[in-house]
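Novice: from the sequence below, what's the structure:
(2 chains)
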Protein chains: 2
Amino acid sequence: MSPDELKTALNWRYATKSFDPAKAVPAETWDALLDSLVLAPSSFGLQPWKFLVIDGADCRQRLRENSWNQAQVTDADKLVVFTTRTAMKRADIDRWIARLSGVQGQSVKDLGGLAGIIEGFCQRMSPEKQHEWNLRQTYIALGQFMAAAAVLGVDTCPLEGIDPEGYDHELGLIGSGYATACACAVGYRSADDHTATRPKARYPRDEVIEVHP
Amino acid sequence: MSPDELKTALNWRYATKSFDPAKAVPAETWDALLDSLVLAPSSFGLQPWKFLVIDGADCRQRLRENSWNQAQVTDADKLVVFTTRTAMKRADIDRWIARLSGVQGQSVKDLGGLAGIIEGFCQRMSPEKQHEWNLRQTYIALGQFMAAAAVLGVDTCPLEGIDPEGYDHELGLIGSGYATACACAVGYRSADDHTATRPKARYPRDEVIEVHP
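Specialist: A predicted model of the protein is given here:
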């Protein structure tokens, strides 16, 4: 993709308020967007998340009731709930080290130094801070996901204005070790979404980017 | 971009450990990547961030000393420090409403309802929670930035293993209302970075993505 094409795609993107319920994301496109979640970067590669793709119309409706009745929750072709690991314990680190060993061929013993570094890093945080850290990683995935959608010409709407505890309840997450972070509706803008043509109100570049000598 | 091209780009991306100090990002490409920061989505559009592009070699060296001596900090063509607004006060909201009004043409008075909603949302959070919320938004920008770089064939390395307070001190951020969140090195991988060819150790898709009826 050229720099100009990227600019065009990112300027085209907006938080879609009204989705066309009749337009579905093609399977190949959706597959690539799921890959953008699987491949999202995270600190130490720990991937402290699960992404729930909500297919059921009944479940969507109940989630909408936990989302200030925002229509995107039911009308978009896809809805992804981003959930975050609520802590980062030794068992999580061991799971990651085992995966790393299995894929890259180093022994778990050889990866012991790395495991110690990660554990030291995590132990300096309270469980609440670990959850916050994991949440931040999850937002990397959200950012990559929305950018990936934009370059494929797919609309998204990030949803933070939701009741995460209500989502946790609906989705059976209580006690699972994962908690709702946010959601993202995915599909195609409705032709009558008047917010699509509003000029972008970003701060001027020189107010958000400073070149430091 | 096609779904396959996206997959290829995101699989090509990795946290680059060794940058080629001789390879520079072309101006047009860098301009598009700066746009990906300016255009990053954030909750209510508040953009609670500043991005510092660190040009000076001396400053880079001092930051490296606050980054466990990671070579990416000095060797990559570009270094961006992601900083986050440490709170979200009425003045921040008023600034945003004024910008929205200026760009989209509604009066500040007409936007009063929106201002009230945002303020109510923010006031429910302690200043510490506001900072955490702003940090999460900043990580959306990080995610979008790394994905944007990948689709343009540019390498990145996200840097969380830094001393944020040391960065704040070096960059004059103390008392500025902004604090260092993380950094990202940008450039091109060195031909001898052996980590470039390691297989990706993501968890299998069915462990991180669950389809919910």
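Novice: closest residue of chain A to chain B?
Specialist: residue A:143 (2.4 Å; C-beta to the nearest C-beta). Glycine gets a C-beta too; all of them are placed from N, C-alpha and C.
Novice: mind checking the SS state of that residue?
Specialist: Secondary structure, DSSP: H, G, I helix; E, B strand; the rest coil: residue A:143 is helix.
Novice: skipping adjacent residues, who's closest to it in space?
Specialist: Leaving aside its sequence neighbours, residue A:143 sits nearest to residue B:143 (C-beta to C-beta, 6 or more residues apart in numbering or on different chains; 2.4 Å).
Novice: neighbours of the residue of chain A closest to chain B, how many?
Specialist: Number of residues near residue A:143 (other C-beta atoms under 10 Å in any protein chain shown) recorded here: 29.
Novice: from residue B:163, how far off is it?
Specialist: 24 Å (C-beta to C-beta, to the nearest Å).
Novice: neighbours of residue A:207, how many?
Specialist: Neighbour count of residue A:207, defined by other C-beta under 10 Å: 13.
Novice: distance of it relative to residue A:79?
Specialist: Noted for residue A:207: a distance of 34 Å to residue A:79, by C-beta to C-beta.
Novice: what of residue A:35?
Specialist: Noted for residue A:35: a distance of 18 Å to residue A:79, by C-beta to C-beta.
Novice: check residue A:197 too.
Specialist: For residue A:197, the distance to residue A:79 - C-beta to C-beta - is 25 Å.
Novice: those two - which one has more neighbours?
Specialist: Neighbours per residue (other C-beta under 10 Å) separate residue A:197 from residue A:79, with residue A:79 holding more: 27 against 7.
Novice: the more buried one in helix, strand or coil?
Specialist: Quick answer, by three-state DSSP: residue A:79 is strand.
Novice: kindly list the longest strand within chain A.
Specialist: strand A:178-187 (DSSP state E).
Novice: what about residue A:24, neighbour count?
Specialist: Applying other C-beta under 10 Å, we find 13 other residues in the vicinity of residue A:24.
Novice: hang on, it packs against residue A:77?
Specialist: Yes: under the criterion of C-beta atoms under 8 Å, residue A:24 makes contact with residue A:77 at 4.9 Å.
Novice: quick check: neighbours shared by those two?
Specialist: Common contact partners of residue A:24 and residue A:77 (C-beta atoms under 8 Å, 6 or more residues apart in numbering or on different chains): residue A:187.
Novice: which stretches of chain A form strands?
Specialist: Assigned by DSSP E, the strands in chain A fall at A:49-54, A:78-85, A:155-159, A:178-187, A:209-212.
Novice: now those strands in TSV, with distance to chain B?
Specialist: Formatted as TSV, the strands of chain A follow (distance: least, C-beta to the nearest C-beta, whole Å):
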stretch	distance to chain B
strand A:49-54	5
strand A:78-85	8
strand A:155-159	6
strand A:178-187	8
strand A:209-212	5
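Novice: just send the ones you listed back as TSV, with mean pLDDT and distance to residue B:11 too.
Specialist: TSV is the format used below for the strands of chain A (pLDDT from 0 to 100; distance: least, C-beta to C-beta, whole Å):
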stretch	mean pLDDT	distance to residue B:11
strand A:49-54	98	18
strand A:78-85	98	20
strand A:155-159	98	21
strand A:178-187	98	21
strand A:209-212	96	29
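Novice: which of the ones you listed sits closest to residue A:134?
Specialist: strand A:78-85 (4.6 Å; C-beta to C-beta).
Novice: now do the closest one: distance to the chain's middle.
Specialist: Averaging C-alpha positions (C-alpha atoms, centre = their mean, to the nearest Å) puts strand A:78-85 6 Å from its chain's average.
Novice: partner strands of it, with direction?
Specialist: Sheet pairing of strand A:78-85 (DSSP bridges) gives strand A:49-54 (antiparallel), strand A:178-187 (antiparallel).
Novice: quick one, what contacts residue A:54?
Specialist: By C-beta under 8 Å, 6+ apart, residue A:54 lies in contact with A:60, A:63, A:79-81, B:212.
Novice: how about it, nearest residue that isn't a chain neighbour?
Specialist: Computed as C-beta to C-beta, 6+ apart, the closest residue to residue A:54 that is not its neighbour in sequence is residue A:79, at 4.4 Å.
Novice: ok, the spatially most central residue of chain A to residue A:47 distance?
Specialist: When C-alpha atoms, centre = their mean is applied to chain A, the residue found nearest the centroid is residue A:142 (2.9 Å). Taking C-beta to C-beta as the measure, residue A:142 falls 14 Å from residue A:47.
Novice: residue A:83 too?
Specialist: Residue A:83 is 12 Å from residue A:47, by C-beta to C-beta.
Novice: same question for residue A:139.
Specialist: From residue A:139 to residue A:47 the distance is 14 Å (C-beta to C-beta).
Novice: so what pLDDT did residue A:161 get?
Specialist: Predicted confidence (pLDDT) at residue A:161: the value is 89.
Novice: so it sits against residue A:68, correct?
Specialist: Yes: using C-beta under 8 Å, residue A:161 is in contact with residue A:68, at 5.6 Å.
Novice: so for these two, which residue has more residues nearby?
Specialist: Between residue A:161 and residue A:68, counted using other C-beta under 10 Å, the more crowded position is residue A:161 (14 against 11).
Novice: dihedrals phi and psi, the more buried one?
Specialist: Main-chain torsions, residue A:161, degrees, to the nearest 10: phi -80, psi 60.
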